[in-house]
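Peer 1: everything below, folded, please.
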Amino acid sequence: MSYKIRNSIVLGVLILLVIGVGGYITLFFQPRKIAVYQAETKKIEAQLSDNTQQLAAIAAMESTLRETILRWENRTKEFTGSDNTADTYAFLSDAMDESGAKNLKVNVTFSGTKAGSNKISYNTYKLQGNSEFANIFRFIWLIENGRRLYKVHNVSLRSEENTVTELAGVRMLFDFELQSYFTTESSLSQSVIRPDSTPQPITSNAFMPLVFAAVPLNVRNLVDPERILVKALTSTRALVMTEDGRLITLKTGSDVYLGKVLSIDPGEGSITFSMNKGGIAEVKKKFIVFEKKQRGLPQ
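Peer 2: Below you'll find the model as predicted:
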């Protein structure tokens, strides 16, 4: 065999050997290695992602902790170890005094005790009464904004026109349930720092009707413009006769039943009254009555 042929054969074998080894490495060995490395990479990425979630969860818990501590330090309510009904009645009595005890009538009835969760329970009271809207609003506001934790439930309001006074108005009949909370957790009974606030004054009453069903009573026995005779007039005074025969002198601005004297006009021989008949405004004139024209009072 010649030298060239032998070298060609050796070279061919070497080429086949390189191709075989290279093909094995490229097609079998490296893909398995790459698959292993990819699996390891996914595991590491999953661990990193889990660590990121854990860090985010820790940051969220720290934020919640800071918020909870802030709320605790600035809480406005405190509990007691038990709810003594005498203490609750005393608190309600003070709230009534601050809300206008003369006009606020309240009946308080103890209903019972209910056990709550997390060592917290409450006593239930039934409150019924009547007053003007502003007094009731302030009374409920003082209950809900005091240092002790009281909750008001099932409030019922019903308006009723007040016709036994001179000024038209409404009284509110109310009833609601009061829950007085207490706990066996001693930390909750610590005194709060924030002082009590003051309620804003009531400037309107949504229950006040524009027109009343009945006019108020004449409790001061004032002159009724509907039932008088004008007997004499001057520039500043008017002499009128009531239905029972009394002679009364009126002047501009004098109070009469449901209104005032608006003006006196001797030239026209009239008195003008400004009236408010339960929400209905009216201007009424009464003219002087001469004996030859009319005798007696109008029917």
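
Peer 1: list phi and psi for S82.
Peer 2: phi -160, psi 160 (degrees, to the nearest 10).

Peer 1: for it, give me its contacts.
Peer 2: Contacts for S82 were tallied using CB atoms under 8 Å, 6 or more residues apart in numbering; they are F182. For the C-beta atoms, the positions are set from N, CA and C on the backbone; glycine is no exception.

Peer 1: could you check the pLDDT of it?
Peer 2: The score at S82 is 72. That number is its pLDDT.

Peer 1: ditto for K77
Peer 2: pLDDT, K77: 73.

Peer 1: measure the residue nearest to it when sequence neighbours are not counted to V108 for me?
Peer 2: Nearest non-adjacent residue to K77, counting by CB to CB, 6 or more residues apart in numbering: L149, 4.3 Å away. L149 sits 18 Å away from V108 when distances are taken as CB to CB, to the nearest Å.

Peer 1: who has more neighbours out of the two?
Peer 2: Per other CB atoms under 10 Å, whichever of L149 and V108 has more neighbours is L149, with 20 against 16.

Peer 1: pLDDT weak spots in this protein?
Peer 2: 1, 72-76, 116-117, 163-168, 187-197, 290-299 (pLDDT under 70).

Peer 1: which strand in it runs the most residues?
Peer 2: strand 169-183 (DSSP state E).

Peer 1: mind giving me the packing neighbours of it?
Peer 2: strand 120-131, helix 133-144, strand 150-162 (3 or more CB pairs under 8 Å, 6 or more residues apart in numbering; DSSP states H and E).

Peer 1: nearest to P31, of these?
Peer 2: strand 120-131 (65.1 Å; CB to CB).

Peer 1: check which residues of that closest one are buried.
Peer 2: 121-125, 127, 129-131 (16 or more other CB atoms under 10 Å).

Peer 1: again, but for stretch 277-288
Peer 2: 277-278, 284, 286, 288.

Peer 1: can you check stretch 104-116 too?
Peer 2: In stretch 104-116, counting by 16+ other CB under 10 Å, buried: 104, 106, 108.

Peer 1: do stretch 133-153 as well
Peer 2: 133-143, 146, 148-150.

Peer 1: who touches the residue nearest the centre of the chain in this structure?
Peer 2: Note on the chain: the residue nearest the mean C-alpha position is W141, at 8.6 Å, using CA atoms, centre = their mean. Listed by CB under 8 Å, 6+ apart, the contact set of W141 reads P199.

Peer 1: can you tell me how far it is from F287?
Peer 2: Applying CB to CB to W141 and F287 gives a distance of 53 Å.

Peer 1: thinking again about what came up before, the residue nearest to K77 and T80 touch, don't they?
Peer 2: No: using CB atoms under 8 Å, L149 and T80 do not qualify as a contacting pair, with a distance of 9.2 Å.

Peer 1: returning to that earlier point: contacts only, for the residue nearest to K77.
Peer 2: Taking CB under 8 Å, 6+ apart as the test, what L149 contacts is 77-79, 180-181.

Peer 1: what about I202, how many neighbours?
Peer 2: Neighbours around I202, by other CB under 10 Å: 14.

Peer 1: in a markdown table, list the buried residues of stretch 104-116 along with secondary structure and distance to Y37.
Peer 2: As requested, the buried residues of stretch 104-116 are exported to a markdown table (DSSP: H, G, I helix; E, B strand; the rest coil; distance: CB to CB, whole Å):
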| residue | secondary structure | distance to Y37 |
| --- | --- | --- |
| L104 | coil | 82 |
| V106 | strand | 81 |
| V108 | strand | 79 |
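
Peer 1: any chance of those residues in TSV, plus distance to F273?
Peer 2: Shown next, in TSV, are these (distance: CB to CB, whole Å):
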residue	distance to F273
L104	36
V106	41
V108	47
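
Peer 1: looking at these, spot the one nearest R66.
Peer 2: The closest of the buried residues of stretch 104-116, once distances to R66 are taken by CB to CB, is V108, at 41.5 Å.

Peer 1: okay but that closest one is in contact with T124, surely?
Peer 2: No: checked against CB under 8 Å, the pair V108 and T124 is beyond contact range at 11.3 Å.

Peer 1: let me know the secondary structure of the nearest residue to L250 once chain neighbours are set aside.
Peer 2: Spatial nearest neighbour of L250, chain neighbours left out: A238 (4.7 Å); criterion: CB to CB, 6+ apart. Here A238 is recorded as strand under DSSP: H, G, I helix; E, B strand; the rest coil.
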